[in-house]
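A.B. asks: Predicted structure and sequence below. I'll ask about it afterward.
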Amino acid sequence: MSNSSGPGAESTATPGEGDPRRGVLTTEHEHLAAEIDELHVGDPTEVRSDNFADSGQVAAEQGESMALAGKLREQLDDVALALDKLDAGTYGLCETCGQPIGADRLEAMPAARFCIAHAG
């Protein structure tokens, strides 16, 4: 049942609101955010311990965690952008040529920003 009062009544639905891809993207967003939180990057309480004999090892582990967190944040940003595009009705279009991104590519990479020809 609809609350519209006839032809021409404005819809309050957001483009892509009922799209099943929204659930996939939202789940991925939550997963990436949780992974970043688990890394405790920048949390001094996670790295400070008198039991570490080798401060070089601690520094190396911190560097690895920071690099991983950076990659995860990039992925998180891509997923957030994909959700914004879903809302705007532009999801699934290549940012370079504007052509549709293949369904297989979007299935494998729901936050893909470029078609195969422009992925680089």
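C.D. replies: The structure has been received and is ready for your questions.
A.B. asks: what's downstream of the lengthiest helix in the chain, the next helix or strand?
C.D. replies: Longest helix of the chain, by residue count under DSSP state H: helix 55-88. Next helix or strand after helix 55-88 toward the C-terminus (DSSP states H and E): helix 103-108.
A.B. asks: That next one: which residues count as buried?
C.D. replies: Buried residues in helix 103-108, defined by neighbour count with 16 or more other CB atoms under 10 Å: 105, 106. C-beta here means a position set from N, CA and C on the backbone, and glycine is covered the same way.
A.B. asks: quick revisit: for the longest helix of the chain, the distance to its chain's centre please.
C.D. replies: 10 Å (CA atoms, centre = their mean, to the nearest Å).
A.B. asks: go on, stretch 93-106?
C.D. replies: 17 Å.
A.B. asks: got a list of contacts for that stretch?
C.D. replies: 21, 85, 92, 112, 113, 114, 115, 116, 117, 118 (CB atoms under 8 Å, 6 or more residues apart in numbering).
A.B. asks: Residue ranges in this structure under the pLDDT threshold?
C.D. replies: By pLDDT under 70, the low-scoring segments of the chain are 1-17, 42-53.
A.B. asks: picking up where we left off before, other SSEs contacting the longest helix of the chain?
C.D. replies: Secondary-structure packing of helix 55-88 (3 or more CB pairs under 8 Å, 6 or more residues apart in numbering; DSSP states H and E): helix 20-39, helix 44-47.
A.B. asks: Enumerate every residue touching the closest residue to residue 91 other than its chain neighbours.
C.D. replies: Take residue 91 and drop its neighbours on the chain: the residue closest to it by CB to CB, 6 or more residues apart in numbering is residue 85, 4.2 Å away. Contacts here follow CB under 8 Å, 6+ apart; on that basis residue 85 touches 91, 92, 93.
A.B. asks: With distance to residue 106 and neighbour count as added columns, please give the residues you listed in CSV.
C.D. replies: Listed next are the contacts of residue 85 as CSV, based on distance: CB to CB, whole Å; neighbours: other CB atoms under 10 Å:
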residue, distance to residue 106, neighbour count
91, 8, 23
92, 6, 21
93, 11, 16
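A.B. asks: Considering the contacts of stretch 93-106, which is situated nearest to residue 29?
C.D. replies: residue 21 (12.2 Å; CB to CB).
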